[in-house]
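S.K.: Structure of the sequence below:
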Amino acid sequence: MQIYLVGGAVRDELLGIPSQDRDWVVVGSTAAALKRQGYQQVGKAFPIFLDPNQREEYALATNAEQRWDANITLTEDLQRRDLTLNAIAKTAQGEYVDPFNGRQDIADKILRHVDDQSFQRDPIRILRVARLAARYHHLGFRVAADTTQLMQHMVNNGQLDHWVAERVWAEIEKALHTPHPDQFFLALRQSHALKKIIPCLDRLFGVPQSPRSHPEVDTGIHSMLVLQQACRLSNHGPVRWAALLHDVGKGATDQSLWPKHVGHEHSGETLVEALDQHLKTPKDYQQLSRMAARYHTEVHRLSELSADTIITLLEQLDAFRRPKRFEQFLTVCLADCRGRSSYENAPYPQKKTLMHWFQALQQIDLKPTVQCCTDPSDIRAAVHQVRKQHLQRIM
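M.R.: As a prediction, this is how the structure comes out:
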């Protein structure tokens, strides 16, 4: 029996990146033999075991046909993996086993698939490649041309038509927490996968906006810039997701109306709601992304709004009950302002002003108002009126 360190731990070690998880592959053994040595099997569909001491994962060597036995070689096991930089093993003596030149690809900063047939067995690998492109973009990594061509071939052949929402969302959420998630969505678009997974986002590329307010013109490019700004401002996944999708309604604008997009907020909210249901995104992602799509332009034109409209906006955003989410919403609005060419560090007084007003409104003692309402159905209107009058005094 031989045991090798494999996968991400070896890859990150070669990249000089700390890695918390270590995975091992066992060659020349069986499940029964591992159990006799005290290993605990944790996977029924796949032979994964936990060692009795470090509780690290050990897997029996497995080939591309998902067969595992004592005769499967290390090379066969490495060949079934997705990318060459993940198909490197390391012995207990510190020697590398690298039959597919993964170390050279790391040196050349290339994400390249190991084997055509093995890669195509799981279309979700398209998203994993895109995620690694986002994760290692700051190091200069790029997807190999032949790998991009293979992914395009898979998408065009319908291999990504029947994806499982939970698996797709898991990759998207991980990508949102990388240093450059915009590269994830750009890689998906290059592989033709974006139109299958997030069609409302894919449609934005090539849709023009007014060059006076959007020097970058292209709405798809703007969405990527806004996502970049959101990453500068927050590491919160829902903020980044909402920033990405805030303008998807512009993809539904009739071309005869370009570059104007009147009413894109309402159509955007509908599209985001449908997308979130399709992807089965968590509730906090759903709520913030819908709010951002629907109300971001309201904050942009804050100086034009009356006190009554501002109180209504705060109520629609449920700001008084969910102040943290409200602040996250304002962060998305700020990212939208700065997600434009030459506006990267632009001031955005709307966020500070509205936050100042909101904090002042939070200090109002509403108990007397509530107690004066004999009919509970009158409370909402009475509270609204008190807040409006207070805001009128401080505006």
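S.K.: where are the low-confidence patches of this protein?
M.R.: The chain contains residues with pLDDT under 70 at 43-45.
S.K.: so where do the strands sit in it?
M.R.: 2-6, 23-27, 40-41, 48-50, 57-60, 89-90, 96-97, 110-111, 142-143 (DSSP state E).
S.K.: which outside residues touch the last one?
M.R.: Looking back up the chat, that one is strand 142-143. Strand 142-143 has contacts (Cβ atoms under 8 Å, 6 or more residues apart in numbering) with Lys109, Ile110, Leu111, Val129, Ala130, Ala133, Ala187, Gln190. In short, each C-beta sits where N, CA and C put it, glycine included.
S.K.: And the nearest residue to Gly251 once chain neighbours are set aside, its phi and psi?
M.R.: Leaving aside its sequence neighbours, Gly251 sits nearest to Arg203 (Cβ to Cβ, 6 or more residues apart in numbering; 3.6 Å). Phi and psi for Arg203, reported as degrees, to the nearest 10, are phi -70, psi -20.
S.K.: which among the contacts of strand 142-143 gets closest to Asp378?
M.R.: Ala130 (53.6 Å; Cβ to Cβ).
S.K.: Please name the nearest non-neighbouring residue to that closest one.
M.R.: Ala187 (3.7 Å).
S.K.: again with Lys196
M.R.: Leu160 (5.0 Å).
S.K.: Then Asp161?
M.R.: Nearest residue to Asp161, sequence neighbours excluded (Cβ to Cβ, 6+ apart): Lys196, at 6.9 Å.
S.K.: ok, the closest residue to Phe49 other than its chain neighbours - contacts?
M.R.: Once flanking residues are discounted, Phe49 sits nearest to Tyr39: 4.0 Å by Cβ to Cβ, 6+ apart. Neighbouring residues of Tyr39 by Cβ under 8 Å, 6+ apart: Phe49, Leu50, Asp51, Pro52, Tyr58.
S.K.: just His137 next, same as before
M.R.: His137 neighbours (Cβ under 8 Å, 6+ apart): Thr178, Pro179, His180, Gln183.
S.K.: hmm, 6 Å instead?
M.R.: Going by Cβ atoms under 6 Å, 6 or more residues apart in numbering, His137 touches His180, Gln183.
S.K.: Report the separation between it and Ala242.
M.R.: 22 Å (Cβ to Cβ, to the nearest Å).
S.K.: what number of residues lie near Pro208?
M.R.: Neighbour count of Pro208, defined by other Cβ atoms under 10 Å: 16.
S.K.: That one bridge partners, please.
M.R.: Asp218 (DSSP bridges).
S.K.: pull the CA atoms of stretch 57-70 into CSV?
M.R.: Extracted C-alpha coordinates of stretch 57-70, given in CSV (Å, rounded to 0.1, in the frame of the first residue of the first chain):
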residue,chain,number,x,y,z
GLU,A,57,-9.6,12.2,4.2
TYR,A,58,-8.1,9.2,2.4
ALA,A,59,-9.5,7.9,-0.9
LEU,A,60,-8.8,4.7,-2.7
ALA,A,61,-7.2,5.2,-6.1
THR,A,62,-10.0,5.5,-8.7
ASN,A,63,-10.0,5.5,-12.4
ALA,A,64,-12.0,7.5,-14.9
GLU,A,65,-14.8,4.9,-15.0
GLN,A,66,-15.2,5.4,-11.2
ARG,A,67,-13.8,1.9,-10.5
TRP,A,68,-11.6,1.4,-7.5
ASP,A,69,-9.6,-1.6,-6.4
ALA,A,70,-6.0,-2.5,-5.5
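S.K.: Neighbours of Ala61, how many?
M.R.: Using other Cβ under 10 Å: Ala61 sits among 26 other residues.
S.K.: can you check Ala335 too?
M.R.: If we define neighbours as other Cβ under 10 Å, then Ala335 has 28 of them.
S.K.: quick one: the residue most central in space within the chain from Arg131, how far?
M.R.: By Cα atoms, centre = their mean, the chain has its centre lying nearest to Leu176, at 2.9 Å. Noted for Leu176: a distance of 10 Å to Arg131, by Cβ to Cβ.
S.K.: now swap in Thr281 and tell me
M.R.: Computed as Cβ to Cβ, the Thr281 to Arg131 distance reads 17 Å.
S.K.: Look at those two and report which has more neighbours.
M.R.: Arg131 (24 against 21).
S.K.: who's in contact with the nearest residue to that one once chain neighbours are set aside?
M.R.: Sequence neighbours aside, Ala175 is the residue nearest to Arg131 in space, at 4.5 Å (criterion: Cβ to Cβ, 6+ apart). Each residue near Ala175 by Cβ under 6 Å, 6+ apart is listed here: Arg131, Ala134, Pro181, Phe184.
S.K.: quick one: which of those residues sit in helices?
M.R.: Using DSSP state H, the members of the contacts of Ala175 that fall within helices are Arg131, Ala134, Pro181, Phe184.
S.K.: most neighbours, which of the residues you listed?
M.R.: Neighbour counts for these peak at Pro181, which has 29 neighbours (criterion: other Cβ under 10 Å).
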